[in-house]
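Colleague: I would like the atomic coordinates for the input below:
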Amino acid sequence: MRALVCHKHGTAADLELRDWPDPSIEPNEIRIAVKACGINFPDVLMIAGRYQVQPDLPFIPGAELAGEIIEVGDAVKNFTVGQRVLAMCGHGAVAEQICVPAEAALLIPENMSWEQAAGFILTYSTSYHALKQRAQLQPGETLLVTGAAGGVGLTAVELGHLAGAKVIAAASSQEKLDLAAEYGAAELINYSDESLLDRLREITGGKGADVIYDPVGGDLFDQLLRGIAWNGRILVIGFAAGDIQKIPANLPLLKGSSVVGVFWGRFAKTEPAAQAENTRELLAHFAAGQLRPHVSQVFTFDKAADAIACLAERRAMGKVIVKI
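Modeller: The predicted model follows:
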């Protein structure tokens with residue numbers, strides 16, 4: 001088979017599309033002919049050698065995929081050849097085939113395209129877990145989302161609106177903010193040309209946001225600490241800006257606020273029952289037409305490295321997909 005391979009830590013330019021041995025299947029696994037895979041910011045970190053969970057070199061990037069089952073392990077009873085499935089795999093998705101444990105796969109709803117399915121689980125699950133379990137977001141609360149047009153950011157806007165929150169979207173361009181408005185943002189902040197903190201205080205009458213969802217980090221984070229409401233919750237999702245910020249402990253003290261870490265991958269492994277319930281609820285929302293996965297760009301297999309570069313350069317809006 002062919003696969004996109006990371007031989008050394010670096011950038012997307014260092015990746016190589018090449019022949020790779022077909023994976024061997026274990027009794028509890030299914031073999032999938034990959035139709036599409038989702039690209040996410042952890043892929044950028046992984047190929048740079050900076051992710052929390054780092055595979056040995058060489059490896060194939062790509063944490064999520066959609067495809068057709070072409071072989072079923074001897075111990076697998078709940079799947080058959082020919083079924084359409086989506087799956088999480090950690091890495092290995094940017095390839096023509098992959099074998100995953102059957103428990104890591106889900107049947108794709110009939111009305112969901114390959115591209116939508118390939119980019120659904122990671123971003124929606126991250127945001128749903130963040131808002132439901134970690135922030136315990138309530139109807140009527142104010143939710144600020146930074147990086148609001150990115151893969152996870154846009155799902156947070158959409159899910160926050162669905163939960164009955166007043167959503168404030170913050171992003172670096174008007175184009176990105178316009179997209180966030182389409183997904184339910186009631187107020188918009190362009191932090192490239194105005195102070196995020198001043199505008200947030202203006203919007204909330206000085207109160208601040210009850211919940212802040214932040215996948216950006218970096219220099220903005222100090223403003224977020226100062227812009228949180230009393231008893232507010234700041235969700236640390238990631239560090240797309242590159243720098244991991246230090247937290248002055250006096251600011252959460254003065255605001256009575258909480259800085260809450262969100263690591264969906266660890267949650268899914270340690271609390272599988274809760275994650276399964278989250279997934280059922282997300283798919284039910286999709287089936288009801290309440291979620292609209294936004295696929296902004298689809299790259300061909302031979303341009304897969306360009307898809308990862310698109311995220312690294314923060315050009316993506318919504319999901320970036322590679323079609324195999």
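
Colleague: so residue 62 lies in a helix, does it not?
Modeller: No. Under DSSP: H, G, I helix; E, B strand; the rest coil, residue 62 sits outside any helix and is assigned coil.

Colleague: quick check: it touching residue 90?
Modeller: No. Counting by C-beta atoms under 8 Å, residue 62 does not reach residue 90; the two are 9.1 Å apart. From N, CA and C alone the C-beta is placed, and that goes for glycine too.

Colleague: would you map the strands across the stretch 201-324 of the chain?
Modeller: Per DSSP state E, counting those that start in this stretch, the stretch 201-324 of the chain carries strands over the ranges 209-214, 228-236, 258-261, 295-300, 319-323.

Colleague: export the third one as CSV, just CAs?
Modeller: This means strand 258-261. Output of strand 258-261 as CSV, limited to C-alpha atoms (Å, rounded to 0.1, in the frame of the first residue of the first chain):
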residue,chain,number,x,y,z
SER,A,258,-10.8,27.6,37.4
VAL,A,259,-8.3,26.7,34.7
VAL,A,260,-9.4,23.4,33.5
GLY,A,261,-7.3,21.0,31.3
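
Colleague: buried sites along stretch 46-65?
Modeller: Neighbour counts using 16 or more other C-beta atoms under 10 Å place 46, 47, 48, 51, 59, 60, 61, 62, 63, 64, 65 of stretch 46-65 among the buried residues.

Colleague: angles on the backbone of the second one, please.
Modeller: Listed backbone geometry of residue 47 is phi -70, psi -20, with angles given as degrees, to the nearest 10.

Colleague: residues touching it, list them.
Modeller: Residues in contact with residue 47 (C-beta atoms under 8 Å, 6 or more residues apart in numbering) are 6, 9, 10, 11, 12, 14, 15, 61, 308.

Colleague: for the third one, grab the count of nearby residues.
Modeller: Other residues near residue 10 number 12, with proximity taken as other C-beta atoms under 10 Å.

Colleague: kindly report the same for the last one.
Modeller: Residue 308: 28 surrounding residues under other C-beta under 10 Å.

Colleague: my read: it touches residue 62, true?
Modeller: No. Residue 308 is beyond contact range of residue 62, at 9.0 Å (criterion: C-beta under 8 Å).

Colleague: which neighbours do these two share?
Modeller: Residues within reach of residue 308 and of residue 62 at once, by C-beta under 8 Å, 6+ apart, are 39, 43.

Colleague: quick one: which of the contacts of residue 47 is nearest residue 253?
Modeller: Using C-beta to C-beta, residue 9 is the member of these that lies nearest residue 253, at 38.6 Å.

Colleague: apart from its neighbours in sequence, what residue is nearest that closest one?
Modeller: With sequence-adjacent residues excluded and distances taken as C-beta to C-beta, 6 or more residues apart in numbering, residue 9 is closest to residue 49, at 3.4 Å.

Colleague: how close does that neighbour get to residue 156?
Modeller: Distance, residue 49 to residue 156, by C-beta to C-beta, to the nearest Å: 28 Å.

Colleague: which stretches of this protein have low pLDDT?
Modeller: 241-242 (pLDDT under 70).

Colleague: biggest helix in it by residues?
Modeller: Longest among the helix segments of the chain by residue count, using DSSP state H, is helix 272-287.

Colleague: and it, which residues are buried?
Modeller: 275, 278, 279, 282, 283, 285, 286.

Colleague: list the buried residues in stretch 183-199.
Modeller: For stretch 183-199, the neighbour count (16+ other C-beta under 10 Å) marks 183, 184, 185, 187, 188, 189, 190, 191, 196, 197, 199 as buried.

Colleague: any idea how far residue 35 is from residue 26?
Modeller: Between residue 35 and residue 26 the computed distance is 22 Å (C-beta to C-beta).

Colleague: just want to know which of the two has more residues nearby.
Modeller: Each of residue 35 and residue 26 has its neighbours counted (other C-beta under 10 Å); residue 35 has more, 20 against 15.

Colleague: angles on the backbone of that one, please.
Modeller: With angles defined as degrees, to the nearest 10, residue 35 sits at phi -100, psi -30.

Colleague: ok, it touching residue 321?
Modeller: No. Contact status for residue 35 versus residue 321: not in contact, 10.1 Å apart, counting by C-beta under 8 Å.

Colleague: which neighbours do the two have in common?
Modeller: By the contact definition C-beta under 8 Å, 6+ apart, residue 35 and residue 321 are jointly contacted by residue 118.

Colleague: residues contacting the residue positioned nearest the centre of the chain?
Modeller: Among the residues of the chain, the one closest to the centroid is residue 123, at 2.8 Å (C-alpha atoms, centre = their mean). Listed by C-beta under 8 Å, 6+ apart, the contact set of residue 123 reads 38, 40, 151, 152, 154, 155, 319.

Colleague: do residue 68 as well
Modeller: Shown in contact with residue 68 (C-beta under 8 Å, 6+ apart): 32, 33, 35, 82, 83, 84, 85.

Colleague: the first one and residue 98 touch, don't they?
Modeller: By that I understand residue 32. Yes. Applying C-beta under 8 Å as the test, residue 32 and residue 98 come out as touching, 5.4 Å apart.
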